[in-house]
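Chemist: Fold the following and give me the result.
(2 chains)
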Amino acid sequence: MKNQTLMENQEENKVELTDRRTEIVEAYVHYVLEHGREPVSVFKFVKGLGMKEEEFYEYLTSFASIKAAVWEKIIDDTIQVMESQDVYHEYSAREKMLSFYFTLVEELKKHRSYLLSMYEDHLSFKRNVPMELKGFKDRFKAFSADVILEGKENEEIADRSFISDRYEDALWLETLFILQFWLKDSSPGFEKTDVAIEKSVSLAFDLMGKSALDSFLDLAKFIYQSK
Amino acid sequence: MSNKSDNLKEQEHIPTSKVQRATKFFKTGAKVGGNYVKHYAKKMVNPNLTKEDLHTSNAEDIYSSLSELKGSALKVAQMMSMDKNILPRAYQDKFMMAQYSAPPLSYPLVVRTFQKSLNTTPEALFDSFTKSAVNAASMGQVHQAEKNGKKYAVKIQYPGVAESVSSDLKMVRPFAYRLLNMNEKELDHYMEEVEERLLEETDYVLEVERSEEISQACSEIPDLDFPTYYPEWSSDRIITMDWIEGKHIKEWLLTDPSQEERNRIGQALWDFYNHQIHNLKKVHADPHPGNFIIQKNGKLGIIDFGCVKVIPEDFYHGYFSLIKSDLLIKEEELDKIFFDLGFISDKDTVDEQKYFKGAFRSMISLLGRPFHSETFDFADESYFMEIFEMGDKIGNDKMFKKSRQARGSRHGLYINRTYFGIYNLLHQLGANIITTKPEWLKI
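Modeler: Below is the predicted model of the structure:
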C-alpha cells in the first residue's frame, strides 16, 4: 500500500515536470511567432515568463534544446497519428514511408509560421543540417530502420552488401529534401509537396528494390570470378 | 467501371514537373521522327509498305509514352482516339486502350486526399474501400466503396492536375499538329477551347452540380439510368456516386444481344443527346465508350459529366440550319451562316470562298445524313468509310493546308466531337434507330 502511493507520487511528479517543460517550449514558440525571431537571451525570455533562470535550467539547457524539443514533438506526433490509423498496419514498406511523409507534412503545417520564421533563410538543409534536428533524426532513423527491415523481409527492398547499410542515410537525405521543399512550397494545399513525396519515395524504393542493376552486377561478378 | 484490370502496375508517381513531361514528349517526338525515317528507308527497298504500317509503329510509341502521363495529356489521347474519321485506324486502336488503362496512384495519397478535402479517412466514411483503384479516369482514379450494403464509386483527382493543364497542352501541340494534320493557326484557335473545357473538368464541384442537373433533366427518357451523386461526400478533389454495375458496350456486344436490344440501347443514346443538344443546350461532350454502362436490367447507365459543353444560341442556329436538307436553304442564307460560323472570311479570295463553301457543304451534308431521314442504320459500314475518306481527303487537301486561317467556330469542336462519338458508338452497336429531331429541323 505504501509502495503504491509512492509510485503514484512519482508519476505525478513526472507529469508535472513534462507539463512545465511543454509550457516553456510553447512560450518560446509563441515568442518567435510574435516577434519573428528568437529571444535575445534566456534571462530575458524567462523574465517574461515570470520564472527564475535557474528554474529554466531544470527543464532545458538552452534555446537549442527548445528548438530540438519542437522537432521531437513534431515527429512523435507524426508517428503517433500515423500508427493510430488501422490501415497503416496493412501497408507495405513503401506505403508506410509515404504515409509517414504525408502525416509529417500535416504535422508540420501546424507549426508552419514558426518554422518559416526560423528556417526560411536557411539555405540548404542537406549541406548544413541544423543542430537541433538531432533528436528528430534519431527518431526518424529508428522508424526508417524498422521500415527497411520490413521491406527486406518481404523483398520490397534488396539486401545488398555494403550499400544496404546506407539506406537509412539515403532516406534521411530524402527527408531533408522534403522538409526544404515544403518550406518553399507555395502551391494551394501544398499539393506540390504531395507530388514531391510520391515521386521521391517512389524513386527511393525503386532504387532500393531489386533491379536490372543487380542482375548486371551478379553477371559481372560471375564473369570476373570465372576468369 | 465494372472490370478491374489486374495487370496495371501501380505507378507511384506522375511525371508532373514540366521538364519531366517535356522529356517524355521529346523522346516520343524523336521516336516518331525516327519511325518516319525508318519507314521511308524501308519503302525504298520495299515499295509495297503501306502507310498503315507506319501508323502502327508511330501509334505504339506515342501510346507507350502517353500512357505514362496523366491528366490532360491522357485526355487529349482519348479525344484523338475517338475521332475515327480524323485518325488513321492504327492510331485509333492504340489510343482506345488509353481509355481504359492508366496506372493508379498510391493508397496513402488517396487517404491524404480524403483527409485534406473531407476531413476524414476512407475507412471512417465507408464500411469498406478498395486499396487500389478499380478504374482509372483521365483526371483521377476510381475506387469502389461500400456502406450499409450499398456500393459507391469514388473518384479521386490526381494532385497537381489542374495546375498542369496549360503546360500539358503546350507540350501536346507538336503531336496534335502532326497527328491531326492541322496548321498551327488552326490549332491555336481550338486549343483555347480545349483548355477551357479541361480546366472545367478539373473542377469537381462543378461536375457534381452539372451531373445532378443534367441527369435530373433527362430522367424522363426511357431506358436511361443515372447514378445518384452525394455532394456531402464530395469535394473539390473527390466525387462520390452510386456504383453502376454492368458491361461496357464492347463487352456487352460479346454477349451477342439481339438486333432489337441493340436498337433499343442505340435509341436511348440518341434520345439522350437529342434532348441535351436541342432542349437543354448543354451537352455531355465526352461520349467515349468508358462512360456508358449497360446494366443487367437492360438500362443504359451514363456516368462522368466532367466535360459539358454549353451551346451558345447563335452558334446553335447556324450549325443546325446547315444540317437541314440543302434544298431548303437559300444561297444568301447559306453564305451568311458560313461567315458567322467562321468557315469563310473576308480575307478569302472569291475562288477560295467558292472552294471552301463547296468543301464544307459536302462535308456537312455527309455528316448530316442521319438527320435527313426518319430512321438511320448506323451499322452501314459504307457510310463510315465515306466519312473516313472525307477526313483523309481534307487532311491532305492542298487548299486546306495552304489556308492561313482557322476555319470553323471553336464551339464546333466539341459539338463535332460529340457527334463523332455518338455516331461511332451507334456504329459499334450496329443500331438502326429513329433519328428524333426538333420540329424545325424536320424536312
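Chemist: if I look at the closest residue to residue B:226 other than its chain neighbours, how far off is residue A:180?
Modeler: In this structure, residue B:226 finds its nearest non-sequential neighbour in residue B:215, 3.4 Å apart by C-beta to C-beta, 6 or more residues apart in numbering or on different chains. Placement of C-beta: from N, CA and C, glycine included. Applying C-beta to C-beta, to the nearest Å, the value for residue B:215 to residue A:180 is 47 Å.
Chemist: and those two? which has more neighbours close in?
Modeler: Legend: neighbour count by other C-beta atoms under 10 Å in any protein chain shown for residue B:215 and residue A:180, higher for residue B:215 (20 against 16).
Chemist: And the more buried one, how close does it get to residue B:272?
Modeler: Per C-beta to C-beta, residue B:215 is found 10 Å from residue B:272.
Chemist: which residues do these two both contact?
Modeler: Common neighbours of residue B:215 and residue B:272 are listed as residue B:302 (criterion: C-beta atoms under 8 Å, 6 or more residues apart in numbering or on different chains).
Chemist: Please report how far the residue nearest to residue B:323 when sequence neighbours are not counted lies from residue B:269.
Modeler: Leaving aside its sequence neighbours, residue B:323 sits nearest to residue B:368 (C-beta to C-beta, 6+ apart; 3.7 Å). Separation of residue B:368 from residue B:269 (C-beta to C-beta): 18 Å.
Chemist: Same drill for the two, tell me which one is more crowded.
Modeler: The neighbour comparison of residue B:368 against residue B:269 (other C-beta under 10 Å) goes to residue B:269, with 24 against 17.
Chemist: how many other residues sit next to the closest residue to residue B:340 other than its chain neighbours?
Modeler: Leaving aside its sequence neighbours, residue B:340 sits nearest to residue B:318 (C-beta to C-beta, 6+ apart; 5.0 Å). Per other C-beta under 10 Å, the neighbour tally for residue B:318 reads 21.
Chemist: Is residue B:318 in contact with residue B:337, as I believe?
Modeler: Yes: with contact defined as C-beta atoms under 8 Å, residue B:318 and residue B:337 form a contacting pair (4.6 Å).
Chemist: which residues touch residue B:338?
Modeler: B:344, B:356-357, B:360.
Chemist: Take those and write them to CSV, including secondary structure and neighbour count.
Modeler: Formatted as CSV, these follow (DSSP: H, G, I helix; E, B strand; the rest coil; neighbours: other C-beta atoms under 10 Å in any protein chain shown):
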residue, secondary structure, neighbour count
B:344, coil, 19
B:356, helix, 19
B:357, helix, 17
B:360, helix, 20
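Chemist: For residue B:288, state which of the residues you listed is nearest.
Modeler: Distance to residue B:288 across these (C-beta to C-beta) is lowest for residue B:360, with 26.2 Å.
Chemist: could you measure the closest one against chain A, distance?
Modeler: Distance, residue B:360 to chain A, by C-beta to the nearest C-beta, to the nearest Å: 44 Å.
Chemist: One more: residue B:133?
Modeler: Plainly put, residue B:133 is 14 Å away from chain A if you go by C-beta to the nearest C-beta.
Chemist: How many neighbouring residues does that residue have?
Modeler: By other C-beta under 10 Å, the residues close to residue B:133 number 25.
Chemist: Residue of the stretch 251-400 of chain B nearest chain A, please.
Modeler: residue B:306 (19.2 Å; C-beta to the nearest C-beta).
Chemist: where in the stretch 151-300 of chain B is pLDDT low?
Modeler: Within the stretch 151-300 of chain B, the stretches with pLDDT under 70 are B:168, B:171-187.
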